[in-house]
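# let's see this in three dimensions:
(2 chains, ligands or ions: 2)
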Amino acid sequence: MKLIKRCIERIVETILTAGGMITSVIILLIVIFLFKEGFGLFNSPSVEKGYSLCVNTENPIEKLNPFQIKEIFDYEIDNWKNVGGNDEEIILFRFEELFYRYSDEELGENDEFLSQKLGEIIRATPGIIAYLPTEYLSSDCSGIKVLPEAKISVGDFFGRKEWIPTAIPAPQFGVLPLILGTLWVSIFAIAIALPLGLGVAIYLSELAGEKMRKILKPTIELLAGIPSVVYGFFGLVVLVPLIQKLFHLPVGETAFAGSLILAIMALPTIITVAEDAMQNTPRAMREAGLALGANHWQTIYKVIIPYSVSGISAAVVLGIGRAIGETMAVLMVTGNAAVIPHTIFEPVRTIPATIAAELGEAPSGGAHYQALFMLGCILFLMTILISIAAEVISKNHPQRKGI
Amino acid sequence: MIEAKNVDFYYGDFHALKGISMKIENNTVTAFIGPSGCGKSTFLRLFNRMNDLIPDTRLTGECLINGQNIYDKAVDVTELRKNVGMVFQKPNPFPKTIFENIAFGLRVEGINDKNFIQQQVEESLKSAALWEEVKDKLKKSAFELSGGQQQRLCIARALAIKPDIILMDEPASALDPISTSKIEDLIHGLKENYTIVIVTHNMQQAARVSDKTGFFMLGKLVEYNDTKKMFLSPEKEETQNYITGRFG
Ligand SMILES: Nc1ncnc2c1ncn2[C@@H]1O[C@H](COP(=O)(O)OP(=O)(O)OP(=O)(O)O)[C@@H](O)[C@H]1O
Ligand SMILES: [Mg+2]
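Residues are numbered from 1 along each chain as shown, chains lettered A, B, ... in the order given. Ligands and ions are numbered 1, 2, ... in the order given. You can find the predicted model right below:
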């Protein structure tokens, strides 16, 4: 009997240990996977795999960065001197144009003359830049200069302002507008939610009557459980038109709408956690304050708030965490324009919204796909930074040092 | 002078204090003794209106300080508490520096004069016999002190607001014998300037520090007399039994 009992205990223990180990390993693997996929981006060519950019050998240009390529193919730059070459007009040549210029016969039945014709065109046009599949480059390379294959650089990724992942031939992965969009929306959300949330927490914990508390607290806790799509829907139907009307904007889908909806979503968490922290202030602390002649209000801000500061900072972290990571509601109300906003009343696009909206159309393993993973890594680092900051703040507080 | 006139106190339906009347002279030390749960703390806390914090309580009778009924509507509770300091059973310093713990009462009063606060902090710590031990670490957290030092810090904190009366609810019960004797010495010294009321479970302590002693049982004040008389020849049999340890 005893033996069986001990056996069962051992088995349960083993299962729990194994479960814990497996979970930790899986989480670790997910993080590793995220970073591995993400950092693959900086090994990807800046032009699509299998394609090359060619110019005439007489052209002194040695290389072009992705942004210059994009500007050239967007007709924004039309002279080589603007990218450090001769004063000569840029002539774009896309591979498909070959089929307009030459008939099927001229190209040969099995495209056997295709590369020859390509070579002719490039040799004949000094100002040309051609975007071609690498396989059709003729073995006879005289007169053709293939621009060296550049990698997507870390500097471009973090420093550039254009997020156009589907641009051809050179997709633009400038995450600055996305990072800034995320920060704008989150910071404003916190700026709204924090004072409100702490205010309500103080009211609930210290000022509200017993009856009021019994009604309000469960209601607020309930709000935390509403799915974010519902908040997003509410934002889209109510907040967005309201903001548009109130501030006379061309569109209501703005960073401000995102901040508001996030603030509303983060409030229940902030309130409940902060209120719990304040309620947990020992009676001895309150009595100590009051016995020294502090009035109710002085006791709140000189005793209770300092005492519960670590709980309050936990509330802040959870609130910010929710704000930064929240996807659906923000996606629905911010307008999703990947531009750097100048005011809070412009559309923005956040990192999570970008990942959610684009992952479906990004071919697996491609640069776009890797760029989205890189965004995931950035988000991950942002949240870790915030947790560390909060940890440091509450550790430096004397309450944690003693007892 | 502190005076209770026919005081009854209820926690909800529970009748915690029954018809207590008592007079306490200025600049004396008065000890309250009695078995656990007899209402000593409840009675003590009436005099700085700490029981106001507990919901659903009721008081009848009068509590007077210098002739003024402190439960009168016109009385400002925070002013009352500035005049009647309290030291609790467990040391309860704030999660602040030693200096800020003492300065708390002054800051609450709206005093900002740095020099004045500095001077008051030093003076209070000296009166609480703590200055020598902490003068070099005023900026350290109060939690870095030992339990006995923390309790003296709490006494210093109460002294800093210059009350006339100090209520102490078992101030030494959580302390070792050396810290306890330091606190007792302190009480002796404070008597000159303050009126002290102290609740204690320790009979010897009551005998050592107090001028008068009140013995409570089941919410009633059984006997109230000069400490010497109380311990040598109590009038009531219950007192005799309790003091000699035949009742616990
Ligand atoms: N907040 C409260 N609510 C309800 N009843 C209470 C409350 N505080 C105390 N009592 C009751 O009132 C009675 C007196 O309590 P009190 O704390 O005054 O006793 P005490 O003499 O100080 O005891 P001890 O020596 O253990 O501290 C006890 O029976 C206790 O159960
Ligand atoms: Mg007690």
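
# pLDDT value on the closest residue to chain A within chain B, please?
Across chain B, the shortest distance to chain A (CB to the nearest CB) belongs to residue B:143, at 2.1 Å. The C-beta positions use only the backbone N, C-alpha and C, and glycine is treated the same way. Here, the pLDDT recorded for residue B:143 equals 91.

# what's the answer for residue B:139, then?
In this prediction residue B:139 is given a pLDDT of 92.

# hmm, residue B:99 and it touching each other?
Yes - between residue B:139 and residue B:99 there is a contact under CB atoms under 8 Å: 6.3 Å.

# low-confidence ranges, chain B, go.
B:246-248 (pLDDT under 70).

# surely residue B:191 touches residue B:26?
No - applying CB under 8 Å as the test, residue B:191 and residue B:26 come out as separate, 10.3 Å apart.

# all strands of the chain, in order?
Unless you meant another one, I'm taking chain A. Secondary structure of chain A (DSSP state E): strands at A:51-56, A:91-94, A:128-133, A:144-146, A:163-164, A:172-173.

# switch to chain B, please.
Under DSSP E, chain B gives strands at B:2-11, B:14-24, B:29-33, B:57-65, B:68-69, B:84-87, B:165-169, B:195-199, B:212-217, B:220-226.

# what's the closest of those to residue A:35?
strand B:84-87 (57.3 Å; CB to CB).

# from the chain's centre, how far out does the closest one sit?
Centroid separation for strand B:84-87 versus its chain: 5 Å, with CA atoms, centre = their mean, to the nearest Å.

# which residues touch that strand?
Contacts to strand B:84-87, defined as CB atoms under 8 Å, 6 or more residues apart in numbering or on different chains, come from residues A:287, A:291-292, B:45, B:47-48, B:50, B:65, B:151, B:154-155, B:158-159, B:161, B:163-169, B:171.

# can you show me the CA trace of stretch B:2-18 as CSV?
Provided in CSV are the C-alpha atoms of stretch B:2-18 (Å, rounded to 0.1, in the frame of the first residue of the first chain):
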residue,chain,number,x,y,z
ILE,B,2,-7.5,62.7,30.5
GLU,B,3,-10.9,61.6,31.7
ALA,B,4,-13.3,58.9,30.7
LYS,B,5,-16.9,59.2,31.9
ASN,B,6,-19.0,56.1,31.8
VAL,B,7,-17.7,54.9,28.5
ASP,B,8,-19.4,52.0,26.6
PHE,B,9,-18.1,50.8,23.3
TYR,B,10,-19.5,48.4,20.7
TYR,B,11,-18.0,46.6,17.7
GLY,B,12,-21.3,45.9,15.9
ASP,B,13,-23.2,43.9,18.5
PHE,B,14,-20.2,43.1,20.6
HIS,B,15,-20.1,45.1,23.8
ALA,B,16,-16.3,45.6,24.2
LEU,B,17,-16.1,48.2,26.9
LYS,B,18,-18.6,48.4,29.7
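
# show me which positions of that stretch end up buried.
For stretch B:2-18, the neighbour count (16 or more other CB atoms under 10 Å in any protein chain shown) marks B:2-4, B:7, B:9, B:16-17 as buried.

# ditto for stretch A:226-234
Applying 16+ other CB under 10 Å to stretch A:226-234 flags A:228, A:231-232, A:234 as buried.

# next to ligand 1, which bits of chain B? Give me the list.
Where chain B comes near ligand 1, counting by CB under 6 Å from any ligand atom, the residues are B:11, B:14, B:16, B:34, B:36-42, B:54.

# okay, helices next: where are they in the stretch 1-150 of chain A?
With helices called from DSSP state H, counting those that start in this stretch, the stretch 1-150 of chain A shows them at A:2-39, A:66-73, A:97-101, A:104-107, A:114-124.

# wait, which of those helices is closest to chain B?
Closest to chain B of the helices of the stretch 1-150 of chain A, according to CB to the nearest CB: helix A:2-39, at 34.1 Å.

# what's the closest one packed up against?
helix A:367-395 (3 or more CB pairs under 8 Å, 6 or more residues apart in numbering or on different chains; DSSP states H and E).

# just give me the neighbour total for the nearest residue to residue A:186 once chain neighbours are set aside.
Once flanking residues are discounted, residue A:186 sits nearest to residue A:323: 4.4 Å by CB to CB, 6 or more residues apart in numbering or on different chains. The tally of other residues near residue A:323 (other CB atoms under 10 Å in any protein chain shown) stands at 26.

# residue A:323: what's it in contact with?
A:185-186, A:189-190, A:193, A:262-263, A:265-266.

# I'd like these written out as TSV, with distance to ligand 1 and pLDDT added.
Formatted as TSV, the contacts of residue A:323 follow (distance: CB to the nearest ligand atom, whole Å; pLDDT from 0 to 100):
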residue	distance to ligand 1	pLDDT
A:185	48	90
A:186	44	89
A:189	42	91
A:190	39	89
A:193	36	92
A:262	42	91
A:263	39	92
A:265	39	90
A:266	37	90
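
# flag every residue of chain A that's near ligand 1.
Residues of chain A lying close to ligand 1 (CB under 6 Å from any ligand atom): none.

# tell me who's in contact with the residue nearest the centre of chain A.
Nearest to the mean C-alpha position of chain A, by CA atoms, centre = their mean, lies residue A:351 at 1.8 Å. Residues near residue A:351 by CB under 8 Å, 6+ apart: A:175, A:178-179, A:181-182, A:375, A:378-379.

# by neighbours, which of these wins?
Taking other CB under 10 Å as the neighbour criterion, residue A:181 ranks highest of those with 30 neighbours.

# tell me the pLDDT of that residue.
Residue A:181 is assigned a pLDDT of 90 by the prediction.

# quick check, it in contact with residue A:255.
Yes - if you go by CB under 8 Å, residue A:181 and residue A:255 touch, sitting 7.0 Å apart.

# can you list residues touching both of those two?
In contact with both residue A:181 and residue A:255: A:334, A:341, A:348, using CB under 8 Å, 6+ apart.

# closest one of these to residue A:61?
Distances from residue A:61 to the shared contacts of residue A:181 and residue A:255, taken by CB to CB, are shortest for residue A:341, at 35.2 Å.

# residue B:217: what's it in contact with?
When contacts are counted by CB under 8 Å, 6+ apart, residue B:217 touches B:34-35, B:38, B:238, B:242.

# next one: residue B:78
Taking CB under 8 Å, 6+ apart as the test, what residue B:78 contacts is A:293-295.

# residue B:8 now?
B:15, B:17-20, B:59-61.

# ok, of the residues of chain B next to ligand 1, which come out buried?
The neighbour count (16+ other CB under 10 Å) marks B:16, B:34, B:38-42 as buried among the residues of chain B next to ligand 1.

# quick one: which two of those residues are the most distant?
Pairwise across those, and taking CB to CB, the largest span is found between B:16 and B:34, at 12.6 Å.

# what touches both of the two?
Common neighbours of residue B:16 and residue B:34 (CB under 8 Å, 6+ apart) do not exist.

# and the residue of the stretch 101-250 of chain A nearest ligand 1?
residue A:210 (14.8 Å; CB to the nearest ligand atom).

# that residue: neighbouring residues, count only.
That count, for residue A:210 with other CB under 10 Å as the rule, works out to 8.

# nearest spatial neighbour of it, skipping sequence neighbours?
residue B:55 (7.3 Å).

# no more questions from me, cheers.
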